[in-house]
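1. Below is the sequence, then the predicted model.
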Amino acid sequence: MKSTHQCEEKFVQSQCLLIEPVYNVPDLAADVRYGLLAPPRSLPPKYFYDEAGSELFTQICNTPEYYPTRTEDRLLASYSYNIIEQARPEQILELGSGNSQKTRRLFDACEQFNHICNYAPFDVCAPMLESTSLQLQTEYEWLEVQPMVGDYHAGLDNLPVFHGRRLYVFLGSTIGNFSPLAAREFMVEIRNNMQPGDYLLLGVDRVKDNAVLNAAYNDSQGLTAEFNLNLLNVLNRKLDADFRVDYFSHQASFNAIYSRMEMWLLCTKDHTVTLQDMGESITFRDGDEILTEISHKYTFADIENLLQQCGFVINTHYQPDNQYFSLILARLE
C-alpha cells in the first residue's frame, strides 16, 4: 500500500511535458472555414473526441460489431512478450496514447520478462495523460512515466532526445485515418526520429468482407451514429453555432475504389446554420453531405509497400487466423 505522500509525489512526477508544435495545425474555426463553408464538405475526425464523444467511442469498442479494438488487444495479449523480447526497449513512446489501456499488455510482458523501461505517452489531453500516468505508476511500481502533451499532427521533431532504445508505438489502426500521402509522410517523420536499434509497433486494419466492415461502422445499438452526430454538438458549443442534430443522419459505407470506410453526416432537411463566433452561415439542402472520417484498410502487400517506401523493414508480423488485423514490429532498414 502506498502512502498519500508517495501518491502525491507520483502525481508531481506525472505532470505533462509540453511538446511545442513544429508547424502550425489549423484550429477548429480554420478547419470549419476550409472544410464546411463550401462543398465538398468535410471535417477532420479529431473533433469527435470531446468528453461525450470519448465516452461513446469507449462504448463502440465494446460492441459485437466493432472488431478492431478487441482484435488488436488479443494480438497484444498473445505476443507482447515476444515483442518485448525482440525490441528490449529502454523507453516505450506511444503516439496517441489515449488511456493506455492496450499498452498495459506491453508492461505486463516487461514484468514477465523481468525487463524495466520507462513510458512516454504522447496525446492532446493533459488531464487524461496525468490521471492515466498516475494510475499506471500505481499499477506498475517500477514504471516511470513522462507524459507529453501535444498534437503529433504538428510534427515530431520537438520530442525529447532519448539516449537508449526506443519502441515507438502507434496502435488502433490510426494510420488508416491518414490519406495515403499523409500516411507516408507521417511514417517518414517517425523514421527520421528513430535511432539505430529502435523499433516501431504499428497496428493496421486489413481489407476484409464488406459486410464485416459496414457492420463495424453501423452498430445495431446506434452508438456510432450517436458518435458521428455528436460532432455537431461540438460545433454548436465551441463556435456558438445552431446545427439541428435532428436534421442530419449517420451514413457509413466502404468505398472500394479508395479501399476505405467513409463516415458522413447526411442532411435530411433544407435549413441554414449560423456560426456566431465566425460570423458565417451555411445553407444545407436535403441530401448534402459532410465527410467526417476516412479509415483506410490495407492488404498485407499494402503494408509492406508503405513500410518499405518509408525506410522500414518488417521484423515480425502478427495476425489472427481470420487475418482481420495486422500488428507489425518493424525496424529501420
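-> Done, it's in. Just so you know, these numbers come straight off a predicted model, no measurement behind them.

2. pLDDT weak spots in the chain?
-> By pLDDT under 70, the low-scoring segments of the chain are 1-14.

3. what residues are up against the spatially most central residue of it?
-> Among the residues of the chain, the one closest to the centroid is residue 174, at 4.5 Å (C-alpha atoms, centre = their mean). Residues near residue 174 by C-beta atoms under 8 Å, 6 or more residues apart in numbering: 96, 203. In short, each C-beta sits where N, CA and C put it, glycine included.

4. ditto for residue 37
-> By C-beta under 8 Å, 6+ apart, the contact set of residue 37 is 280, 282.

5. Mind listing what's buried along stretch 315-323?
-> Across stretch 315-323, burial judged by 16 or more other C-beta atoms under 10 Å covers 316, 318, 319, 320.

6. Among those residues, which one lies nearest to residue 134?
-> Residue 134 lies nearest to residue 318 out of those, by C-beta to C-beta, at 30.6 Å.

7. Which strand residues bridge that closest one?
-> Taking DSSP bridges as the rule, residue 318 bridges to residue 327.

8. Pull out the buried positions in the top helix by length along the chain.
-> In the chain, assigned by DSSP state H, the helix with the most residues is helix 67-87. For helix 67-87, burial by neighbour count (16+ other C-beta under 10 Å) applies to 67-69, 71-73, 75-76, 79-81, 83-84, 87.

9. what do you get for stretch 152-166?
-> 152, 153, 154, 155, 156, 159, 162, 165, 166.

10. could you dump those to CSV with secondary structure?
-> CSV is the format used below for the buried residues of stretch 152-166 (DSSP: H, G, I helix; E, B strand; the rest coil):
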residue, secondary structure
152, helix
153, helix
154, helix
155, coil
156, coil
159, coil
162, coil
165, coil
166, strand
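
11. Give me the distance between the closest residue to residue 76 other than its chain neighbours and residue 266.
-> Leaving aside its chain neighbours, residue 76 sits nearest to residue 105 (3.8 Å; criterion: C-beta to C-beta, 6 or more residues apart in numbering). Distance, residue 105 to residue 266, using C-beta to C-beta, to the nearest Å: 38 Å.

12. Same drill for those two, tell me which one is more crowded.
-> The residue with more neighbours, out of residue 105 and residue 266, is residue 105; 21 against 14, by other C-beta atoms under 10 Å.

13. Pop out the phi and psi values for that one.
-> In terms of degrees, to the nearest 10, the main-chain angles of residue 105 are phi -60, psi -40.

14. same check, this time on residue 264
-> Dihedral angles (degrees, to the nearest 10) for residue 264: phi -130, psi 150.

15. Same question for residue 306.
-> Main-chain dihedrals, residue 306, degrees, to the nearest 10: phi -60, psi -50.

16. Over to residue 308?
-> Per-residue torsions, residue 308: phi -60, psi -40 (degrees, to the nearest 10).

17. since we're on it, how many residues are nearby?
-> Burial of residue 308, expressed as a neighbour count using other C-beta under 10 Å, amounts to 13.

18. Just give the nearest non-adjacent residue to it, would you?
-> Nearest non-adjacent residue to residue 308, counting by C-beta to C-beta, 6+ apart: residue 333, 7.6 Å away.
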